[in-house]
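Asker: give me a model of this one.
(2 chains)
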Amino acid sequence: MTRTTVIVTDPGQDQAAAIFAALAAPDEFDVVAVIASAGNIDLDQTVVNCLALLELAGRPDIPVFAGCPRPLARPLVTAEHVHGPTGLDGADLPAPTIAVQSEHGVDALIRILRAADETSVTILSLSPLTTIATAFVQDPSIVTKIERIVAMAGAYFEGGNITPAAEFNVYVDPHAAAIVFDSGAPLVVLPLDVTHKMLSTRERLDGFSATGTACGQAIDGMLTFSESFDLQKYGWHGAPLHGPCVPLYVLHPEMFSGREVSIRVETVSEVAMGTTSVDWWHVTDEPVNAFYVADGDADAFYRVLTDLYARLP
Amino acid sequence: MPGRKIIIDTDPGQDDAVAILLALASAELDVLGLTIVAGNVSLHYTVEAARKVVELAERTEVPIYAGCSRPISKPLVTAEHVHGATGIDGVDFADPTVPVQSEHAVDFIIRTLRAEPAGDVTLVTLGPLTNIGLALVKAPDIAPRVREIVAIMGSLHQGGNITPLGDFNTYVDPEAADLVLQSGIPIVMVPMDITHQVLNTRERLDAWRATGTRCGAAAADLMQFSEAFDLEKYGWGAAPLHDPCAIVYLLAPELFSGRTINVRVSTDGTVSTGMTVVDWWRVSGREPNCDYLLEVDVPALYDLMTERLALLP
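Answerer: Purely as a prediction, here's the structure:
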């Protein structure tokens, strides 16, 4: 089944890995737009990165839009300390020849959803949720057009990464996350609890390069660069791999497990800002608003991911 | 050798009762007094429960002080749904006759810390931290005189229990918890990450009964009452054992491991109030303020408990 798909993202090496995975499955994902957002690095650079990634993957036909350059209510926090100054350090990507669309990413999202049938568009969210939330505020009627939002966001059992308790995408724009979580749109959350089980061991990254494709080799190079921060921090034998959990969940939900829960965001307390309150044990009466994925099969995940990269240029 | 001087601040509670029994059974510990706080049940019942426990152990010379009946700045939350109306449902105790001291627990704590040599007295907290927090506000001079606080509170990888993010002791009085954490007193935190490993299997409870002592049998009966709630909630084969872990830590710290890190409490959140923000990966830049325990030798812990319960009447 082909899903009309919009990718909202702030590449970032692991977001690049996720975009390539989605592009490698055109029978499943009909990617009608890639909307760049601010997050891992600033918006100007994530726009360039989206363009460069689509060219490398041989998909210059997919339009790229620039979304919001800043969070709703807090200053932008970026993560060059993880991703390097370009966000895609570790691979030598040629400067893109295609250009960004002039339409704002928020307007593009509203236009695409307005024109769509009810519950027909899948949104893959690989970044802070500012652009999606802004579109919901500007035109609340679009929410019903969404098949589901599959978002890399949050943490419960793992603790946070950018702060002790908060995961980066939610921390950067907790108010936007709250808007999206409360929107009524069907939501699947891929949190650190699952991405921290998908460790990018040397053997697994070598497998990407062994596909012999430029895209597989670029992903190996990029993740080798970005994982060094996490390898030093955690002392594990591989680094968490976040973004690709999103497309792979859509392609292979049977590789993952989770629960229907209420998920809410802390937006006031500074020490817990952006923490996701996940009612895993059902101790509140809060209504269920998400399927929260807490576990996955890492071996199967990397096997599928490698097969996907082998299909790309 | 005289025992290590401790004050047990507690809100019995079945697991508090077992912790008190364990302390009274251990010659290494000199229990200067039990200071009682509202928590698992109201102060009336927690005081009554403490009196019953010292009578059961035939240790009525240990003085009991009634403390705060309410948290510092929010209404009291109790947990009769876990502990029953008396806090120590599960055993038929005789009506207690041992008196309660006329001095308030907060004042006893202050007086004792001022009277004893600096660095001699350890505070063991098994409930919400209201009494300790209030003592630190009334008499900040006591802080450098405390040898150590060993506190049952907090959670990193287990989420909360009373809310999705808050463990009961922290959630009931977050202001008091944060006062203690920012006091500069050396703190050993015994969190849910520890107590959720210390599962009271039937085999382990039967070992307490097999001591042939009245106290061993009562400890097993108490835990068997309160475990019903957790068994249904978690669906595990046995329930967590919380408060006795603090006493075992004093007796055998080598059974535990953890890290010296910073912990703060969310006191002002929308969904995170009462959450411990545990900087396990040291990403906050905040100075360490406690030893946070994460691992424990569970069989050795139960062996030690059984050995000690056998020494009681």
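Asker: where do the helices of chain A begin and end?
Answerer: Ranges of helices within chain A are A:13-23, A:43-56, A:80-83, A:105-115, A:130-138, A:168-172, A:174-181, A:192-195, A:202-209, A:214-234, A:245-251, A:298-310, based on DSSP state H.
Asker: just the stretch 201-313 of chain B next, same as before
Answerer: Applying DSSP state H, counting those that start in this stretch to the stretch 201-313 of chain B gives helices spanning B:202-209, B:214-234, B:244-251, B:298-309.
Asker: need the winner for burial among those helices.
Answerer: Across the helices of the stretch 201-313 of chain B, the average number of neighbours (mean count of other CB atoms under 10 Å in any protein chain shown) peaks for helix B:244-251, which reaches a mean of 25. C-beta: built from backbone N, CA, C; applies to glycine.
Asker: residues contacting the most centrally placed residue in chain B?
Answerer: The centroid of chain B falls nearest to B:L126 when counting by CA atoms, centre = their mean (1.5 Å). Shown in contact with B:L126 (CB atoms under 8 Å, 6 or more residues apart in numbering or on different chains): B:8-13, B:15-16, B:19, B:152, B:169, B:242-243, B:246.
Asker: neighbours of the residue of the stretch 1-150 of chain B found nearest chain A, just the number please.
Answerer: Nearest residue of the stretch 1-150 of chain B to chain A, counting by CB to the nearest CB: B:H81, 10.7 Å away. Residues lying near B:H81 (other CB atoms under 10 Å in any protein chain shown) number 7.
Asker: check B:D30 too.
Answerer: B:D30 has 16 neighbours, counted by other CB under 10 Å.
Asker: run through the residues that contact the nearest residue to it once chain neighbours are set aside.
Answerer: Nearest-residue entry for B:D30: B:G3, 3.6 Å, with adjacent residues in sequence omitted and distances by CB to CB, 6 or more residues apart in numbering or on different chains. B:G3 is in contact with B:S26, B:A27, B:E28, B:L29, B:D30, counting by CB under 8 Å, 6+ apart.
Asker: just give me the closest of those to B:V271.
Answerer: Distance to B:V271, by CB to CB, is smallest for B:L29 among the contacts of B:G3, at 39.0 Å.
Asker: for the closest one, give me phi and psi.
Answerer: Main-chain torsions, B:L29, degrees, to the nearest 10: phi -120, psi 130.
Asker: per-residue confidence at it?
Answerer: pLDDT recorded at B:L29 is 98.
Asker: go ahead and confirm it touches B:I7.
Answerer: No - B:L29 lies out of contact with B:I7 (CB atoms under 8 Å); the separation is 10.8 Å.
Asker: circling back: quick one, what contacts the residue of the stretch 1-150 of chain B closest to chain A?
Answerer: B:F229.
Asker: which helix or which strand is home to it?
Answerer: With elements taken from DSSP states H and E, the one containing B:H81 is helix B:80-83.
Asker: show me what counts as buried in that helix.
Answerer: Buried residues in helix B:80-83, counting neighbours by 16 or more other CB atoms under 10 Å in any protein chain shown, are found at B:V82, B:H83.
Asker: could I get whichever helix or strand comes after it in CSV with only the CA atoms?
Answerer: With elements assigned by DSSP H and E, the helix or strand that comes after helix B:80-83 is helix B:105-115. Output in CSV follows, covering the C-alpha atoms of helix B:105-115 (Å, rounded to 0.1, in the frame of the first residue of the first chain):
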residue,chain,number,x,y,z
ALA,B,105,9.6,15.0,65.7
VAL,B,106,11.0,18.1,63.9
ASP,B,107,12.3,19.4,67.3
PHE,B,108,13.6,16.0,68.3
ILE,B,109,15.6,15.9,65.1
ILE,B,110,17.0,19.4,65.6
ARG,B,111,17.8,18.8,69.3
THR,B,112,19.5,15.4,68.6
LEU,B,113,21.7,16.7,65.8
ARG,B,114,22.8,19.7,68.0
ALA,B,115,23.4,17.4,71.0
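Asker: B:M275 versus the closest residue to chain A within the stretch 101-250 of chain B, what's the distance?
Answerer: Closest residue of the stretch 101-250 of chain B to chain A, CB to the nearest CB: B:P164 (4.5 Å). Using CB to CB, to the nearest Å, we find B:P164 at a distance of 9 Å from B:M275.
Asker: contacting residues for the closest residue to A:E286 other than its chain neighbours?
Answerer: Closest residue to A:E286 apart from its sequence neighbours, by CB to CB, 6+ apart: A:S262 at 3.6 Å. For A:S262, the contact set (CB under 8 Å, 6+ apart) comprises A:S277, A:V278, A:D279, A:T284, A:E286, A:P287, A:V288, A:N289, A:A290, B:P164.
Asker: quick one: stretch A:306-313 to chain centroid distance?
Answerer: Offset of stretch A:306-313 from its chain centre (CA atoms, centre = their mean, to the nearest Å): 19 Å.
Asker: what does that stretch contact?
Answerer: A:20-21, A:23-25, A:56-58, A:204, A:207-208, A:210-216, A:219.
Asker: which among these count as buried?
Answerer: The buried subset of the contacts of stretch A:306-313 - by 16+ other CB under 10 Å - is A:20-21, A:23-25, A:56-57, A:204, A:207-208, A:211, A:213-216, A:219.
Asker: between the residues you listed, which is closest to chain B?
Answerer: Checking the buried ones among the contacts of stretch A:306-313 against chain B with CB to the nearest CB, the nearest one is A:R204 at 22.8 Å.
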